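# what's the 3D shape of this:
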Amino acid sequence: MIIQLQQGIPTELLEEILQEVKGIGFKANEVKTQEAHYIVGIGKKDFDIRTLGQLPGVADIHRVSDEYKLISRKWRVNPTLIDLGDGVVIGEGNFSIMAGPCSIENERQIELVVEHLKANNVKIMRGGVFKPRSSPYAFRGMGLEGLRMFHQLCSENGIKIITEVMQVSQIEDMVDYVDVFQVGARNSQNFNLLDSLGEAQKPVLLKRGISGTLEELLQAAEYIFSNGNEKIMLCERGIRSYENAYRNVLDLNAVPVLKAKTHLPVIVDPSHGIGLRDHVEPMSLAAVMAGADGVIYETHQKPEEAFSDGQQTVNFQESERLIKRMRQAFALRESF
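The predicted structure follows:
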């Protein structure tokens, strides 16, 4: 059960509602976000919700049987829209393109990518400054120095940035320089990190775990929401299987299923999903037609010289064609 409270509810009314919830045998969890104030009631006893809905201070009340309650579409029919400012809105009814290199390498690289994105009216740049790598000897990013440079060059050009955070201790240093925190597949069930990102109040792109189920992805998002942050995007980026002809299995089944289960935006990452440059475009177009709210992919001026993930990174010419075709596919989808 979710009880939405009236804004500015007096403390005495809040206490009365909490006691009523506990009185019917439910555990009462208070959640206060940047958008609203809720009580999440956990229990299985049948009762007439009108007895709580009529209490002073209650704005609305909903039965939600899902384990993940706050992100469920069963109570919030209207989709969540995430406003990054300057007219950049992510969510249903829009199609967001996020592009950039796997890793931030140097100032000139950022300038070239920014020029490419501006020329194609793309408002969000991805790029890693802290890189989780399979080998401890691989390039692991430029760190905070790279982030500050990344932020400065993009903000000067009206570009929003999304970059990965790997641990709780990095959030405070990063928060002033990012528009969207990315939680990578390896950290999708790092619950301490998810709790802290709930408190950070910046939008979060949460990637599906390497072998994670949709239920696990949804529960991970619930951690963020229940700690006070409603600005969450879910990202399908492929799951590991026995097949070795490509990097991962890009599970496009996940897109319509997630859209049915949650009000959060759903983004697809075809670069990590298939891991092969030549096939990023068809998988991106398939993601659009599956109903994705956006696509995040990797592009670099010279992918063969990229510090990381060059094999799945498209060059600028390929990226320009991809952007054009994704927009055409979205227009076609919206015309149905």
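
# when you work out contacts or count neighbours from here on, use the C-alpha atoms and nothing else.
Fine.

# where does this protein dip in pLDDT?
The chain contains residues with pLDDT under 70 at 134, 137.

# can you map out the strands along it?
For the chain, the strands defined by DSSP state E occupy 2-5, 27-32, 37-42, 58-62, 82-85, 88-90, 96-100, 124-126, 160-164, 180-183, 204-207, 232-236, 266-268, 294-298.

# where's residue 72 relative to residue 82, distance?
Distance of residue 72 to residue 82, given as C-alpha to C-alpha, to the nearest Å: 17 Å.

# these two: who's more crowded?
The neighbour comparison of residue 72 against residue 82 (other C-alpha atoms under 10 Å) goes to residue 72, with 22 against 19.

# quick one: that one and residue 62 touch, right?
No: Residue 72 lies out of contact with residue 62 (C-alpha atoms under 8 Å); the separation is 11.0 Å.

# can I assume residue 273 is in contact with residue 241?
No: taking contacts as C-alpha under 8 Å, residue 273 lies outside contact range of residue 241: 11.6 Å.

# what sits in contact with each of these two?
Taking C-alpha atoms under 8 Å, 6 or more residues apart in numbering as the criterion, residue 273 and residue 241 both touch 248-249.

# which of these two has more neighbours?
residue 273 (25 against 12).

# so who does the more buried one touch?
Counting by C-alpha under 8 Å, 6+ apart, residue 273 has contacts 236-239, 247-251.

# let's have these in TSV, adding distance to residue 314 and neighbour count.
Putting the contacts of residue 273 into TSV (distance: C-alpha to C-alpha, whole Å; neighbours: other C-alpha atoms under 10 Å) gives the following:
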residue	distance to residue 314	neighbour count
236	19	29
237	17	25
238	18	28
239	21	20
247	16	18
248	17	23
249	19	21
250	17	23
251	21	16
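
# using a markdown table, lay out those together with distance to residue 40.
What follows is these, written out as a markdown table (distance: C-alpha to C-alpha, whole Å):
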| residue | distance to residue 40 |
| --- | --- |
| 236 | 27 |
| 237 | 30 |
| 238 | 32 |
| 239 | 31 |
| 247 | 40 |
| 248 | 36 |
| 249 | 35 |
| 250 | 34 |
| 251 | 31 |
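
# and the longest helix seen in the chain, what does it pack onto?
Counting by DSSP state H, the longest helix found in the chain is helix 316-335. Helix 316-335 is packed against helix 280-290, with contacts defined by 3 or more C-alpha pairs under 8 Å, 6 or more residues apart in numbering; DSSP states H and E.

# mind listing what's buried in the helix it packs on?
280-281, 283-290 (16 or more other C-alpha atoms under 10 Å).

# ok, now stretch 326-335?
326-327, 329-330.

# over to stretch 58-74?
Under the neighbour-count criterion of 16+ other C-alpha under 10 Å, stretch 58-74 has 58, 61-62, 64, 68-74 buried.

# residues contacting it, please?
1-6, 40, 49, 52-53, 75, 218-219, 221-222, 225-226, 260-264.

# first-to-last residue distance for that stretch?
19 Å.

# please apply the same query to stretch 299-309.
10 Å.

# what does that stretch contact?
Outside stretch 299-309, the residues that touch it by C-alpha under 8 Å, 6+ apart are 99-103, 105, 109, 112-113, 139, 310-311, 313-316, 319.

# count the neighbours of the residue nearest to residue 142 when sequence neighbours are not counted for me.
In space, and not counting its chain neighbours, residue 142 is closest to residue 129: 5.1 Å by C-alpha to C-alpha, 6 or more residues apart in numbering. Counted with other C-alpha under 10 Å, the neighbours of residue 129 add up to 22.

# quick check: the gap between residue 265 and residue 210.
20 Å.

# same question, residue 5
Taken as C-alpha to C-alpha, the span from residue 5 to residue 210 is 37 Å.

# and the two? Which one has more around it.
residue 5 (22 against 18).

# can you show me the helices along this protein?
Secondary structure of the chain by DSSP H: the helices cover 11-23, 50-53, 107-119, 143-156, 168-174, 191-200, 214-226, 254-261, 270-274, 280-290, 316-335.

# CA atoms only: put the second one into CSV for me.
What follows is helix 50-53 as a C-alpha-only set of coordinates in CSV (Å, rounded to 0.1, in the frame of the first residue of the first chain):
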residue,chain,number,x,y,z
ARG,A,50,-11.1,3.9,2.6
THR,A,51,-10.6,3.9,6.4
LEU,A,52,-7.2,5.3,5.8
GLY,A,53,-8.0,7.4,2.7
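
# counting contacts, what elements does that helix pack onto?
Helices and strands touching helix 50-53, by 3+ C-alpha pairs under 8 Å, 6+ apart, are helix 11-23, strand 58-62.

# what do you get for the fourth one?
Contacting helix 143-156 under the criterion 3+ C-alpha pairs under 8 Å, 6+ apart are the following elements: helix 107-119, strand 160-164, helix 168-174.

# would TSV of the buried residues of stretch 58-74 with distance to residue 26 be doable?
Listed next are these as TSV, based on distance: C-alpha to C-alpha, whole Å:
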residue	distance to residue 26
58	17
61	14
62	14
64	13
68	16
69	14
70	16
71	20
72	19
73	22
74	19
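
# and which of those is nearest to residue 184?
Closest to residue 184 out of the buried residues of stretch 58-74 is residue 71 (19.5 Å), distances taken as C-alpha to C-alpha.
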